[in-house]
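[1] build me a model from this:
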Amino acid sequence: MERGSRVQWIGAATVLIAAFLFSCSFSGDESFSAKVSSSSHQSSSSVWNGETFTDPRDGKVYKIVNYGENNIWFAERLDIKKHNDPYTSDEATVACPIGWRIPSLEEFNNVSLILKEEIKNFTALTWWTFSEETFFGIKFEEIGYTQRSGGSYSILCKECSSSNNCYYGAVYGDDLIDDRDSQNPQIYKTVIIGTQTWMARNLNYNTPDSRCYNDSITYCDKYGRLYSWATAMDLTPYYNNHESNVTPLQRQGICPNGWHLPSWDEWNTLVTYVGRKHGERTGGKILKARDWYYSSYYNSSPSIDYYGFSALPGGCYESDSRRFQSENYNGYWWTASEHKLYEPNDAYMCYMSIEFDYVNDLFPYKSDLYSVRCVKDE
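    This next block holds a predicted model:
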């Protein structure tokens with residue numbers, strides 16, 4: 001796929017990874033103490049009524065308690081590592097099962113007095129939580145809590161109240177309704193990341209020359225459709241082999257009105273923003289969907305999907321070999337930017353892989369078929 005040496009990194013970002021990755025020691029630095037609001041809580045006896053949750057990853061059964069609508073918690077600390085070992089920050093962000101997450105500081109505050117009674121040794125342990133794009137540990141005491149800036153801590157999982165609620169830093173825009181295909185209208189969630197608003201899944205607009213992976217509609221439903229560069233740009237197939245001289249700036253292409261095919265610079269803006277927030281070369285890890293498969297064999301780690309971007313490994317169709325490939329392994333997205341340096345039939349594409357945590361770019365043949373993500377017009 002890399003076609004020789006024509007590979008570039010996407011933007012180097014200022015490294016703030018030290019703020020995101022903590023040391024592995026259990027005791028962290030104490031940064032401040034705060035009083036826990038208790039006006040809305042009353043001491044009560046155990047509220048566990050026999051409900052349990054079975055973690056599908058290892059079959060372990062956990063007691064769960066319901067403290068009200070959309071407020072379901074583990075009644076035991078997570079033990080996916082076994083022996084109740086604490087978790088580093090990297091481990092913590094992806095430790096809870098799918099459909100569960102680390103609670104925010106505010107959520108901990110709201111139920112802390114009940115949890116003290118419900119969970120053995122609750123106040124003796126330091127728990128992972130998050131707030132404003134930062135993960136940190138908190139230890140509850142009789143008069144409040146102490147926040148710690150680093151260390152390895154225990155985890156108490158909270159059920160997501162909705163699919164939107166499972167992403168730590170997600171800010172959602174209005175849903176995008178695309179009814180151009182009357183036989184299959186599409187509704188897309190949108191996410192605001194930095195100064196940009198992106199579709200939260202791949203475009204699934206049916207054009208005559210687009211294809212589903214393996215020509216199966218099931219893959220279109222999951223990954224969206226695959227397009228040549230000319231199709232993605234809303235140009236004739238002639239421009240898959242010739243330079244278009246079309247400016248990539250806010251080129252609508254086949255995106256809905258008010259949205260456009262992102263240029264290479266706009267993808268770079270996204271990845272640079274993520275890098276500044278979470279550490280250089282982590283863009284793929286932060287933007288990939290949580291169920292993106294990974295293997296310790298490769299130099300990658302579990303994905304976080306922090307902003308709800310939910311990138312998936314939808315694969316591609318390679319025009320020279322005439323075959324679909326890389327589904328469940330790589331995800332590829334066209335940009336509106338032609339390469340021009342070598343060949344008139346090349347354009348920039350961004351991709352994420354099972355093999356690494358960053359976002360890379362290539363300039364493949366325009367006749368190859370890749371996914372499309374649209375970004376909102378400014």
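[2] any idea where the helices of the stretch 1-150 of the chain begin and end?
    Per DSSP state H, counting those that start in this stretch, the stretch 1-150 of the chain carries helices over the ranges 17-20, 89-92, 105-118.
[3] which residues does the residue lying closest to V246 once chain neighbours are set aside contact?
    Spatially, and ignoring its direct neighbours in sequence, V246 is nearest to M233 (6.7 Å; Cβ to Cβ, 6 or more residues apart in numbering). To be clear about C-beta, it is placed using only N, CA and C from the backbone, and glycine gets the same treatment. M233 is in contact with 239, 244, 246, 251, 253-254, 261, 336, counting by Cβ atoms under 8 Å, 6 or more residues apart in numbering.
[4] give me phi/psi at M233?
    Dihedral pair for M233: phi -90, psi 0, per degrees, to the nearest 10.
[5] what is the least confident helix or strand in the protein?
    The least trusted helix or strand in the chain, going by mean pLDDT, DSSP states H and E, turns out to be helix 17-20, with a mean of 30.
[6] of the helices of the stretch 1-150 of the chain, which shows the lowest average pLDDT?
    In terms of average pLDDT, helix 17-20 trails the rest of the helices of the stretch 1-150 of the chain, at a mean of 30.
[7] tell me which element V271 is part of?
    helix 264-278 (DSSP states H and E).
[8] packing partners of the helix or strand following that helix?
    The helix or strand immediately downstream of helix 264-278 is helix 283-287, counting by DSSP H and E. If contacts are counted by 3 or more Cβ pairs under 8 Å, 6 or more residues apart in numbering; DSSP states H and E, helix 283-287 sits against helix 264-278, strand 347-353.
[9] if we use 7 Å, what do you get?
    Contacts defined by 3 or more Cβ pairs under 7 Å, 6 or more residues apart in numbering; DSSP states H and E place helix 283-287 against helix 264-278.
[10] in the helix it packs on, what's buried?
    Neighbour-count burial for helix 264-278, counted by 16 or more other Cβ atoms under 10 Å, picks out 264, 266-275, 277-278.
[11] can you check stretch 169-181 too?
    169-170, 176, 178.
[12] closest to T129 among those residues?
    Comparing these against T129 with Cβ to Cβ places G169 closest, at 13.8 Å.
[13] so what's the closest one up against?
    Applying Cβ atoms under 7 Å, 6 or more residues apart in numbering to G169 gives the contacts 133, 306-307.
[14] domains in the chain, by residue range?
    7-15+171-376, 35-164 (automatic domain parsing).
[15] ok, and the closest non-adjacent residue to D305?
    R290 (4.8 Å).
[16] point out where the stretch 251-378 of the chain drops to low pLDDT.
    Low-confidence segments of the stretch 251-378 of the chain (pLDDT under 70): 341-342.
[17] now with 80?
    Within the stretch 251-378 of the chain, the segments meeting pLDDT under 80 span 294-296, 299, 340-343.
[18] how about the strands in it?
    Remark: strands assigned in the stretch 251-378 of the chain by DSSP state E, counting those that start in this stretch are 259-260, 314-318, 323-327, 330-338, 347-353, 360-362, 375-376.
[19] now mean neighbour count and distance to D209 too, for the ones you listed, in JSON lines please.
    Conversion of the strands of the stretch 251-378 of the chain to JSON lines gives the following (neighbours: other Cβ atoms under 10 Å; distance: least, Cβ to Cβ, whole Å):
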{"stretch": "strand 259-260", "mean neighbour count": "23", "distance to D209": "20"}
{"stretch": "strand 314-318", "mean neighbour count": "23", "distance to D209": "11"}
{"stretch": "strand 323-327", "mean neighbour count": "16", "distance to D209": "15"}
{"stretch": "strand 330-338", "mean neighbour count": "25", "distance to D209": "14"}
{"stretch": "strand 347-353", "mean neighbour count": "26", "distance to D209": "16"}
{"stretch": "strand 360-362", "mean neighbour count": "21", "distance to D209": "22"}
{"stretch": "strand 375-376", "mean neighbour count": "22", "distance to D209": "23"}
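[20] so which of the ones you listed is nearest C220?
    Ranking the strands of the stretch 251-378 of the chain by proximity to C220 (Cβ to Cβ) places strand 314-318 first, at 9.5 Å.
[21] for that closest one, what is the distance to the chain centroid?
    21 Å (Cα atoms, centre = their mean, to the nearest Å).
[22] the stretch 101-250 of the chain: strands as residue ranges?
    126-131, 134-141, 144-148, 158-159, 176-178, 186-188, 190-193, 196-199.
[23] dig out what W259 forms beta bridges with.
    Beta-bridge pairing of W259 under DSSP bridges involves K376.
[24] that one contacts C374, correct?
    Yes - under the criterion of Cβ atoms under 7 Å, W259 makes contact with C374 at 4.1 Å.
[25] ends of stretch 318-327, how far apart?
    12 Å (Cα to Cα, to the nearest Å).
[26] again, but for stretch 149-161
    End to end - Cα to Cα - stretch 149-161 spans 28 Å.
[27] residue closest to the middle of the protein?
    D305 (1.5 Å; Cα atoms, centre = their mean).
[28] ok, back up a step: closest to Y223 out of the strands of the stretch 251-378 of the chain?
    strand 314-318 (3.2 Å).
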